[in-house]
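Student: Quick one, fold the following:
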Amino acid sequence: MPISQAVVLAAGEGRRLRPLTHTRPKCMIQLAGKPILMHVLSSLKATGVKRAVVVVKYMEDVVKEYFAKNDLGIKLEFVTQGSKYGTAAAFAESAGKIDSTFFAVAGDVITTPKALEQLARGHQGRLSALLTEVENPQAYGIAQVEQGWLSGFEEKPKNPPSRALANCSLYAMEPEMFKALAAVKKSPRGEYEMTDALKSERVRAVVTSEYWLDMGLPWQLFDANKFLLSTLPDKRGKIENSTIKGKVIMEEGSQIIDSYVEGPLYVGANTSIGPHAYVRGVSSIGPNCSIGDSTTVKNSILFDHVNAKHLSYIGDSIVGSGCNFGSATQIANFRFDAGHVKAKVEDVVIDTQRNKLGAIIGDEVKMGVLSSVMPGKMIGDHCWIGANVMVKENVERNTLVELEQKLKVSKIKN
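Tutor: Residues are numbered from 1 along each chain as shown. Just a heads-up that it's a prediction; the model follows:
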């Protein structure tokens with residue numbers, strides 16, 4: 001019997017995904033034309049979920065307003081997380097609102113309906129956890145399993161087992177688990193952790209090989225976007241005098257004019273590409289955007305209302321809502337030495353393990369003519385980057401960056 005109810009956590013900010021999360025919760029970041037939370041709820045619906053309790057807090061009005069305008073066909077009830085932080089406390093907020101077996105999932109984890117169906121079929125007892133094998137176990141909570149049940153759990157182990165099974169933060173539970181969740185004690189870092197509940201319960205382990213991604217860093221959004229585009233059918237709209245190779249998903253009112261496109265590409269409603277634009281790699285361009293004359297977009301995610309109309313290059317970048325690129329804006333995405341691009345996240349420099357990474361740009365950023373950005377740099381929301389400026393370090397939100405130029409003017413001697 002399919003599981004028909006779910007609790008979905010959508011309360012977190014996602015600090016390491018700034019500047020994108022300065023203006024929206026992590027779960028509302030746009031991938032393949034929709035917020036991450038919409039993709040999560042769509043997967044739940046595909047498995048038979050009819051009703052979901054969504055736990056919100058950070059910028060909760062953004063979540064509520066979006067789903068008030070976009071009906072998915074699931075009955076949604078929103079609950080605001082209280083003063084207790086942590087996943088166990090967040091799930092516990094739904095006590096009294098669930099009356100049968102339910103999925104308990106993170107609203108920022110991408111997986112397939114098939115993985116959720118496997119979890120439902122394998123569920124036994126009061127609590128079951130979905131696990132998946134990972135190649136870099138030092139970055140995850142790793143479970144030990146004996147005869148189909150969790151026997152131990154270690155967070156980011158230094159010496160992991162040969163077959164490392166990560167906790168996917170996707171669970172099946174019975175309603176009586178709410179009492180156990182409410183009894184979880186505060187951890188040393190001041191939160192009420194779901195991992196502590198796993199250690200105190202008899203937990204059924206369900207292993208999946210389906211796609212799964214928990215996005216904690218900005219460049220991981222590229223992988224999720226690629227997977228989500230792979231699940232969408234080709235859908236063409238208005239195309240004139242253009243070469244199209246690969247999959248293209250075009251929403252109502254969008255158009256591609258006199259341009260060259262190598263998909264997969266998502267094009268949002270009322271977005272115009274061309275004339276003479278070049279779009280390649282795995283890209284998503286949101287609604288009401290304009291990609292114009294001699295502009296290249298390569299392997300990038302553009303949110304809504306982005307304008308890049310003249311001679312710009314946007315490569316391996318994520319661009320927030322309402323950004324404008326002045327003529328000949330260039331986003332560099334490759335180092336001269338061909339090494340991994342490093343990025344500074346919350347004052348920590350991280351090796352992204354990527355040879356190509358452009359910029360992460362927040363909402364409502366204006367780039368002046370002939371401006372440029374070096375690889376792996378982040379520009380906060382509502383910044384103005386003046387003409388001819390080269391951005392070589394992260395820029396905080398609400399910042400004006402201008403180039404001071406000293407001119408020498410003299411007469412020409414014959």
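Student: who's Thr296 bridged to?
Tutor: According to DSSP bridges, the residues that bridge with Thr296 are Tyr278, Tyr313.
Student: Please report how far Arg121 lies from Glu146.
Tutor: 20 Å (Cβ to Cβ, to the nearest Å). Where C-beta positions appear, they are placed from N, C-alpha and C, glycine not excepted.
Student: same deal with Ile36?
Tutor: 34 Å.
Student: Over to Arg335?
Tutor: 46 Å.
Student: Counting neighbours, go ahead and name the busier of these two.
Tutor: Higher neighbour count among Arg335 and Glu146: Arg335, with 16 against 9, using other Cβ atoms under 10 Å.
Student: Surely the more buried one is in contact with Met374?
Tutor: No. Using Cβ atoms under 8 Å as the test, Arg335 is too far from Met374 to be in contact (9.0 Å).
Student: low-scoring stretches of the stretch 251-400 of the chain, by residue?
Tutor: Along the stretch 251-400 of the chain, no part satisfies pLDDT under 70.
Student: switch the cut-off to 90
Tutor: 263, 346-347 (pLDDT under 90).
Student: And the stretch 101-250 of the chain, by the same measure?
Tutor: In the stretch 101-250 of the chain (pLDDT under 90), the answer is 106, 108, 125-126, 129, 133-169, 176-205, 213-216.
Student: just the helices in it please.
Tutor: 113-122, 177-182, 194-200, 220-230 (DSSP state H, counting those that start in this stretch).
Student: CA atoms of the third one as PDB?
Tutor: Which is helix 194-200. Presented in PDB, the C-alpha positions along helix 194-200 are these (Å, rounded to 0.1, in the frame of the first residue of the first chain):
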ATOM      1  CA  MET A 194      17.900  13.300  13.600                       C
ATOM      2  CA  THR A 195      21.100  11.200  13.800                       C
ATOM      3  CA  ASP A 196      20.500  11.000  17.600                       C
ATOM      4  CA  ALA A 197      17.100   9.500  17.000                       C
ATOM      5  CA  LEU A 198      18.600   7.000  14.600                       C
ATOM      6  CA  LYS A 199      21.000   5.900  17.300                       C
ATOM      7  CA  SER A 200      18.300   5.400  19.900                       C
END
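Student: Which strands or helices does it pack on?
Tutor: helix 87-92, strand 127-133, strand 149-155, strand 165-173, helix 177-182 (3 or more Cβ pairs under 8 Å, 6 or more residues apart in numbering; DSSP states H and E).
Student: could I get stretch 54-66 in PDB with only the CA atoms?
Tutor: Listed in PDB are the C-alpha atoms of stretch 54-66, where the atom choice follows Å, rounded to 0.1, in the frame of the first residue of the first chain:
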ATOM      1  CA  VAL A  54       5.700  21.500   5.000                       C
ATOM      2  CA  VAL A  55       7.800  22.800   7.900                       C
ATOM      3  CA  VAL A  56       9.000  26.300   7.200                       C
ATOM      4  CA  LYS A  57      10.800  29.200   9.000                       C
ATOM      5  CA  TYR A  58      13.500  31.100   7.100                       C
ATOM      6  CA  MET A  59      11.700  33.500   4.700                       C
ATOM      7  CA  GLU A  60       8.600  31.300   5.000                       C
ATOM      8  CA  ASP A  61       6.500  33.800   3.100                       C
ATOM      9  CA  VAL A  62       8.500  33.100  -0.100                       C
ATOM     10  CA  VAL A  63       7.500  29.400   0.100                       C
ATOM     11  CA  LYS A  64       3.900  30.000   1.000                       C
ATOM     12  CA  GLU A  65       3.400  32.600  -1.700                       C
ATOM     13  CA  TYR A  66       4.900  30.400  -4.400                       C
END
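Student: for that stretch, what is the average pLDDT?
Tutor: Computed over stretch 54-66, the mean pLDDT rounds to 93.
Student: Flag every buried residue along it.
Tutor: Val54, Val55, Val56, Lys57, Tyr58, Met59, Glu60, Val62, Val63 (16 or more other Cβ atoms under 10 Å).
Student: and that stretch, how far from the chain's centre?
Tutor: 16 Å (Cα atoms, centre = their mean, to the nearest Å).
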